[in-house]
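Q: I need the structure of the sequence given here:
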Amino acid sequence: MINENKVAVMTRMAAYEAGDGKKNQTICSYFRGDYVGFQMLKTWIAVTVAFCIMCGIYLLFQMDSIMMDFYSIDLLALAKRFVFAYVILCAVYLIAAFIIAQRRYGLALRATVRFGKELEELDGDSEEEE
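A: Modelled structure (predicted):
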């Protein structure tokens, strides 16, 4: 006889596996620290590339004034300003990446554990029926 509760659980599990299950499996295949570190590394690379592009665009737009005042510009102060802006930008994005990666890993782990418990529950129910 068909157990409607088992069918509902199996349907929910199949939907999870087809949707978020694959993504959560890849996330949970890492250790928490490795996953968070990898996400922060990707963020740092993206921020560095974006900052270089923004600096290039700024320098292109200011080229006229830079060429006019080239010998009177304090290059050390300008470099300090760029480094300060880069450090602040990196810090903000790395903190955000850390928080988001921690949250994603926690949610994925929780969903994977819940899936495992449902799987054990189904396996335990089938052993009782036999």
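
Q: Strands along this protein, start to end?
A: Chain-ordered strands for the chain, with DSSP state E as the definition, do not occur.

Q: Tell me, what's the model's pLDDT at residue 15?
A: With respect to pLDDT, residue 15 has a value of 85.

Q: how far away is it from residue 84?
A: When distances are taken as C-beta to C-beta, to the nearest Å, residue 15 and residue 84 turn out to be 49 Å apart. Backbone N, C-alpha and C define where each C-beta goes, glycine included.

Q: Next, the contact list for residue 114, please.
A: For residue 114, no residue counts as a contact, taking C-beta atoms under 8 Å, 6 or more residues apart in numbering as the criterion.

Q: do that again at 10 Å, thanks
A: Taking C-beta atoms under 10 Å, 6 or more residues apart in numbering as the contact definition, residue 114 lies against 13, 16.

Q: what's the spacing between residue 73 and residue 53?
A: Going from residue 73 to residue 53 by C-beta to C-beta gives 22 Å.

Q: so where do the helices sit in the chain?
A: 4-16, 22-28, 32-61, 63-68, 75-129 (DSSP state H).

Q: For these, which has the smallest mean pLDDT value?
A: Out of the helices of the chain, helix 4-16 stands lowest, with a mean of 84 (criterion: mean pLDDT).

Q: Show me which residues of that one are buried.
A: 9, 13, 16 (16 or more other C-beta atoms under 10 Å).

Q: In TSV, list those along with distance to residue 121.
A: Compiled in TSV, those are given as follows (distance: C-beta to C-beta, whole Å):
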residue	distance to residue 121
9	7
13	10
16	14
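
Q: Please report how far the residue nearest to residue 43 when sequence neighbours are not counted lies from residue 35.
A: Among residues not flanking residue 43 along the chain, residue 97 sits closest, at 3.9 Å (C-beta to C-beta, 6 or more residues apart in numbering). Distance of residue 97 to residue 35, computed by C-beta to C-beta: 11 Å.
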